[in-house]
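Asks: Here is the input, now give the coordinates:
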Amino acid sequence: MKVLVTGGAGYIGSILVRELLRKGYSVRVVDTFFFGEDSLREVSDQIEIVKGDIRSYSDFNGIDAVIDLAAISNDPSGELDPKLTESINYKGRVRIARLAKKNGVKRYVLPSSCAIYGVATGVADESSPVNPLTTYAKSNYACENDVLQLADQNFTVAILRQATVFGFSYKMRFDTLVNSMTMDMFVQKKIILKGDGSEYRPFVHVKDTSNALIRLMEAESDLVNKKIYNIAIENVKVYDLAKRVCNTLNMPFNTEFGTWVDKRNYRVSAEKIKRELGFTPKISIEEGIKEIY
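Replies: Alright, predicted model coming up:
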């Protein structure tokens, strides 16, 4: 089985590609490589690599499934150029899904984001109202709606709403909370908070979310077709997360407030993916902190 991974050189993609190889899949990566090719260098002889943009890419020859990761991947970056973000994160991925279906691909998996819940009371499950606050979140939600319309008995569409991802990757990001707090302690010996720390966030390790994406790709069509799943290991207040980073590293608790305020505040339930697909994340926040440090 051959899997097309868009954005396969990125933070999640470079882990996902290795997990797919470990499970015996053939992999084609399509990526612009704006941040270089080093993240795939050690597996480059085991995969097919295409330098391309999802807004123009069109070769689905031999592809059985698509995991469509390519995106501008956080809220601040998304706001730098909202039209560009929408053209990639929404229109570009919908285009890939449509072409995949037209070319006979059987499975399309969309890595979306729990950021679409924005500000939520209680614990949000997949049937809860959404409240996307940013271009990034709005583009994810628009993409979800459009690709679900493509699903039928011959084209399976499954969506994974990912919590805030953390952990080591071959293409590191230090803008996500666990990663950025750990880097703050390593470099500055203090953590810069965005907001007052009372906001909740859900979290998931990069390897766990990669394997959840593979689980959606592998599952029987009648189990996952036209369905959305949250993935998270736990929900934590930002202030409490800062304490846990310091405790895990055996360093004094030291924080200050930054200038940019993040208005998002939400918790999510990942019971559906556990109940229906038997998938449970395994890697704790503390394990992620240690490997990042």
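Asks: nearest residue to residue 1 other than its sequence neighbours?
Replies: Among residues not flanking residue 1 along the chain, residue 64 sits closest, at 4.7 Å (Cβ to Cβ, 6 or more residues apart in numbering). For the C-beta atoms, the positions are set from N, CA and C on the backbone; glycine is no exception.
Asks: contacting residues for that neighbour?
Replies: 1, 2, 3, 105, 106, 107 (Cβ atoms under 8 Å, 6 or more residues apart in numbering).
Asks: need the contact list for the third one.
Replies: The reference is to residue 3. Contacts for residue 3 were tallied using Cβ under 8 Å, 6+ apart; they are 20, 25, 26, 27, 28, 63, 64, 65, 66, 67, 217.
Asks: hmm, 7 Å instead?
Replies: Contact partners of residue 3, counting by Cβ atoms under 7 Å, 6 or more residues apart in numbering, are 20, 25, 27, 64, 65, 67, 217.
Asks: Is it bridged to anything, and to what?
Replies: Following DSSP bridges, residue 3 is listed with bridge partners residue 27, residue 65.
Asks: so which strand or helix has the closest residue to residue 166 other than its chain neighbours?
Replies: Nearest non-adjacent residue to residue 166, counting by Cβ to Cβ, 6+ apart: residue 178, 3.5 Å away. Using DSSP states H and E, residue 178 falls within helix 177-187.
Asks: Return the distance of the helix or strand immediately after that helix in the chain from the chain's centre.
Replies: Sequence-wise, the next helix or strand downstream of helix 177-187 (DSSP H and E) is strand 191-193. Relative to its parent chain, strand 191-193 has a centroid offset of 23 Å by Cα atoms, centre = their mean, to the nearest Å.
Asks: Go through strand 191-193 and flag the buried ones.
Replies: Using 16 or more other Cβ atoms under 10 Å as the test for burial, strand 191-193 gives 191, 193.
Asks: Partner strands of the lowest-mean-pLDDT helix or strand in the chain, with direction?
Replies: Ranking every helix and strand in the chain by mean pLDDT, DSSP states H and E puts strand 255-257 at the bottom, with a mean of 86. Strand 255-257 sits in its sheet next to strand 191-193 (parallel), going by DSSP bridges.
Asks: This protein: strands as residue ranges?
Replies: 2-6, 26-31, 48-51, 65-68, 107-113, 119-124, 156-162, 164-166, 191-193, 200-205, 227-231, 234-237, 255-257, 265-268 (DSSP state E).
Asks: Least reliable of the ones you listed by average pLDDT, please.
Replies: Mean pLDDT values for those show the minimum at strand 255-257, a mean of 86.
Asks: Show me the contact partners of that strand.
Replies: For strand 255-257, contacts defined as Cβ under 7 Å, 6+ apart pick out 190, 191, 192, 193, 242.
Asks: where does the chain have low pLDDT?
Replies: Where the chain drops to pLDDT under 70, the residues are 259-260.
Asks: so what's the residue of it positioned farthest from its centre up against?
Replies: Largest separation from the mean C-alpha position in the chain: residue 252, at 31.2 Å (Cα atoms, centre = their mean). Remark: with contacts taken as Cβ under 7 Å, 6+ apart, residue 252 is in contact with residue 246.
Asks: one step back: tell me how far the helix holding residue 178 lies from the chain's centre.
Replies: Averaging C-alpha positions (Cα atoms, centre = their mean) puts helix 177-187 19 Å from its chain's average.
Asks: Same question for stretch 62-79.
Replies: With Cα atoms, centre = their mean as the basis, stretch 62-79 stands 8 Å off its chain's centre.
Asks: Please name the residues that touch the closest residue to residue 17 other than its chain neighbours.
Replies: Spatial nearest neighbour of residue 17, chain neighbours left out: residue 8 (5.1 Å); criterion: Cβ to Cβ, 6+ apart. Shown in contact with residue 8 (Cβ under 7 Å, 6+ apart): 16, 17, 29, 30, 31, 69.
Asks: What is the nearest of these to residue 56?
Replies: For these, the residue nearest residue 56 by Cβ to Cβ is residue 30; the value is 10.3 Å.
Asks: give the contact list for that closest one.
Replies: Counting by Cβ under 7 Å, 6+ apart, residue 30 has contacts 4, 6, 8, 50, 52, 54, 57.
Asks: Would you report the backbone torsion angles of the third one?
Replies: Translated: residue 8. When quoted as degrees, to the nearest 10, the phi and psi of residue 8 stand at phi -70, psi -10.
Asks: again with the fifth one
Replies: Dihedral angles of residue 52 (phi, psi; degrees, to the nearest 10) stand at phi -160, psi 170.
Asks: and it, how many neighbours?
Replies: By other Cβ atoms under 10 Å, 17 other residues sit near residue 52.
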